[in-house]
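A.B. asks: After the sequence you'll find the predicted model.
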Amino acid sequence: MTTIHKALALVPNQCRLHIKTDSRWAINVLCENIENSTDANFAYTSHANLIKPIINRMHHRGGNTSFEWIKGHTSITGNEGTNALAAIGTSMDNTTKMIFIANPDFNYNGARLATLTQATAYKLIIRQNKNKIANRMRTMANLDLTRETIQKIDNCSPVNERIWHAIMNNHRDLSINIRSFLWKLIHDTHKCGTYWSKMANYEEHSICTSCEMVETMNHILFKCKANQCDLIWKTTREICERKNIPWLQSLDTTTIMALPLLKVKTNTGKTHQGATCLFLITVSKCAFLIWKLRCKRILEPGHQETITAREARNQIMSTINCRLNQDRTLTSKKRYSKKALPENLVLSTWSRMLKDKHHLPRKWLTANGVLVGRANDHSVSSIG
Ligand SMILES: [Zn+2]
């Protein structure tokens, strides 16, 4: 798109300009959908920041501008040169920002009232309000830490939007409660530790009564003995080991924030879809369970001060088994038709995870009494 903008800027206004491109998307957005996009003020168009100045240039021109689609990577001289330049550009560590100068006479701002629908108006209002929200310092710091963790583990550096998208749009693997838990974790809005220490007369709530230290989220999820963290994480590790998922050396709150973007790789370096799903489901459920048990321990009247080992083990196994049964139920095409979960994905997620796997009926998706086991767990009579 930047090449198209450059061509429009370089060719004199009165000359005819014919652009050959292998991007169907560029042609669609600049020719076929241009009217709809400008009418809706680019509410449904991605990369509007690039498209707007190009449309401005096109309207400013006196000569004709036409587009032609060509097949990419077929040794066409100009096309090959563009690809080579694009490859150089993406490999560069370039932080320079591009500024587009638009002619105010041909600028399109706002939607066309005659064609505006209620849905588009609502979308535009939300977009406008989003821009007004100032970035919180703690959120930005946590997003940077999340990015750093993903860089260390998977060697990629996602932008903030991708981190949010991975958390909020993964409806299949993450329940609404877990998505909300992760959202609060990144925004650092859970009511513990520093939340109370800043509040006059409530400072004592910031201290863990069991360990007598500041109750941060990292303490709650990984260190607190009263929450049985060690036992719960050990059980989760055993569940993952059953599927040969390598356990991370250092697990902390930033790893939990980065979870939706972490991938489990096969020996050939490809993403193992089933193992990735299982890792995300078990680790996110485990973290959320510890938070729930901690809240129950503190808020429920009459609850003992420390979670018992039996309660912790039973809760984690029950949570994972509930999820397994939910996945099996959701594969029913009869009940959910097109919204049913693909059987292959559920099979690849939970295969090797079940108790007594060698003696299971072949169609365990529809069998009764199927339970998740742990590493070296061969009993079939009870959970865990
Ligand atoms: Zn504690």
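C.D. replies: Yep, that arrived. These numbers come from a predicted model, not from an experiment.

A.B. asks: okay, CA-based contacts and neighbour counts for the rest of this
C.D. replies: Will do.

A.B. asks: Quick check: residues of the protein near the ion?
C.D. replies: 208, 211, 224 (Cα under 5 Å from the ion).

A.B. asks: Output those as a markdown table; include the columns pLDDT and secondary structure.
C.D. replies: Output for the residues of the chain next to the ion, formatted as a markdown table (pLDDT from 0 to 100; DSSP: H, G, I helix; E, B strand; the rest coil):
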| residue | pLDDT | secondary structure |
| --- | --- | --- |
| Cys208 | 89 | coil |
| Cys211 | 87 | coil |
| Cys224 | 90 | coil |
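
A.B. asks: and Lys20, helix, strand or coil?
C.D. replies: strand (DSSP: H, G, I helix; E, B strand; the rest coil).

A.B. asks: For stretch 270-287, buried residues please.
C.D. replies: For stretch 270-287, burial by neighbour count (16 or more other Cα atoms under 10 Å) applies to 272, 274-287.

A.B. asks: quick revisit: most neighbours among the residues of the chain next to the ion, which one?
C.D. replies: Comparing the residues of the chain next to the ion by number of neighbours (other Cα atoms under 10 Å), Cys224 comes first, having 22 neighbours.

A.B. asks: Tell me the spacing between that residue and Ile186.
C.D. replies: For Cys224, the distance to Ile186 equals 20 Å [Cα to Cα, to the nearest Å].

A.B. asks: again, but for Thr254
C.D. replies: From Thr254 to Ile186 the distance is 8 Å (Cα to Cα).

A.B. asks: ok, now Ala9?
C.D. replies: Counting by Cα to Cα, the gap from Ala9 to Ile186 is 42 Å.

A.B. asks: okay, those two: which has more neighbours?
C.D. replies: A side-by-side neighbour count of Ala9 and Ile186, using other Cα under 10 Å, places Ile186 first with 23 against 14.

A.B. asks: check contacts around the more buried one.
C.D. replies: 139, 142-143, 257 (Cα atoms under 8 Å, 6 or more residues apart in numbering).

A.B. asks: Top of those residues by number of neighbours, please.
C.D. replies: Counting by other Cα under 10 Å, top hit in the contacts of Ile186: Met257 with 27 neighbours.

A.B. asks: doesn't that residue fall inside a strand?
C.D. replies: No - Met257: not assigned to a strand; according to three-state DSSP it is helix.

A.B. asks: Could you double-check that it sits in contact with Ser180?
C.D. replies: No - look at Met257 against Ser180 with Cα atoms under 8 Å: they stay out of range, at 11.6 Å.

A.B. asks: What's the local residue count around Ile178?
C.D. replies: 19.

A.B. asks: Give the buried residues for the helix or strand containing it.
C.D. replies: Here Ile178 sits within helix 176-187, counting by DSSP states H and E. Neighbour counts over helix 176-187 (16+ other Cα under 10 Å) mark 178-179, 181-183, 185-187 as buried.

A.B. asks: For the residue of the stretch 101-250 of the chain found nearest the ion, which non-adjacent residue is closest in space?
C.D. replies: Closest to the ion within the stretch 101-250 of the chain is Cys224: 3.7 Å, counting by Cα to the ion. In space, and not counting its chain neighbours, Cys224 is closest to Cys211: 7.0 Å by Cα to Cα, 6 or more residues apart in numbering.

A.B. asks: Please name the residues that touch the one you found.
C.D. replies: Cys211 touches 224-226, counting by Cα under 8 Å, 6+ apart.

A.B. asks: The nearest residue to Leu345 once chain neighbours are set aside and Thr349: what is the separation?
C.D. replies: In this structure, Leu345 finds its nearest non-sequential neighbour in Gly274, 6.3 Å apart by Cα to Cα, 6+ apart. Gly274 sits at a distance of 4 Å from Thr349 (criterion: Cα to Cα).

A.B. asks: what do you get for Glu204?
C.D. replies: Counting by Cα to Cα - Glu204 and Thr349 are separated by 44 Å.

A.B. asks: Who has more neighbours out of those two?
C.D. replies: Thr349 (22 against 14).

A.B. asks: so how far is the stretch of helix or strand the more buried one belongs to off the chain centroid?
C.D. replies: In the assignment (DSSP H and E), Thr349 maps to helix 343-350. Its chain's C-alpha centre and that of helix 343-350 lie 21 Å apart, by Cα atoms, centre = their mean, to the nearest Å.

A.B. asks: which strands and helices sit next to it?
C.D. replies: Packing contacts for helix 343-350, counted by 3 or more Cα pairs under 8 Å, 6 or more residues apart in numbering; DSSP states H and E, involve helix 273-299, helix 309-330.

A.B. asks: model confidence over the first one, on average?
C.D. replies: Think helix 273-299. Mean pLDDT, computed over helix 273-299, is 90.

A.B. asks: likewise stretch 336-353?
C.D. replies: Rounded mean pLDDT across stretch 336-353 is 79.

A.B. asks: Could the C-alpha coordinates of it be exported in CSV?
C.D. replies: C-alpha atoms of stretch 336-353 as CSV (Å, rounded to 0.1, in the frame of the first residue of the first chain):
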residue,chain,number,x,y,z
TYR,A,336,-25.0,-28.1,18.0
SER,A,337,-24.9,-28.6,14.2
LYS,A,338,-22.4,-26.1,12.7
LYS,A,339,-21.3,-24.8,16.1
ALA,A,340,-20.2,-28.3,17.2
LEU,A,341,-16.5,-28.6,18.1
PRO,A,342,-14.4,-30.6,15.4
GLU,A,343,-14.0,-34.2,16.7
ASN,A,344,-10.4,-34.3,15.4
LEU,A,345,-9.4,-31.3,17.5
VAL,A,346,-11.0,-32.7,20.7
LEU,A,347,-9.3,-36.1,19.9
SER,A,348,-5.9,-34.5,19.4
THR,A,349,-6.3,-32.4,22.5
TRP,A,350,-7.3,-35.1,24.9
SER,A,351,-5.6,-38.2,23.4
ARG,A,352,-3.0,-39.8,25.7
MET,A,353,-4.6,-38.0,28.6
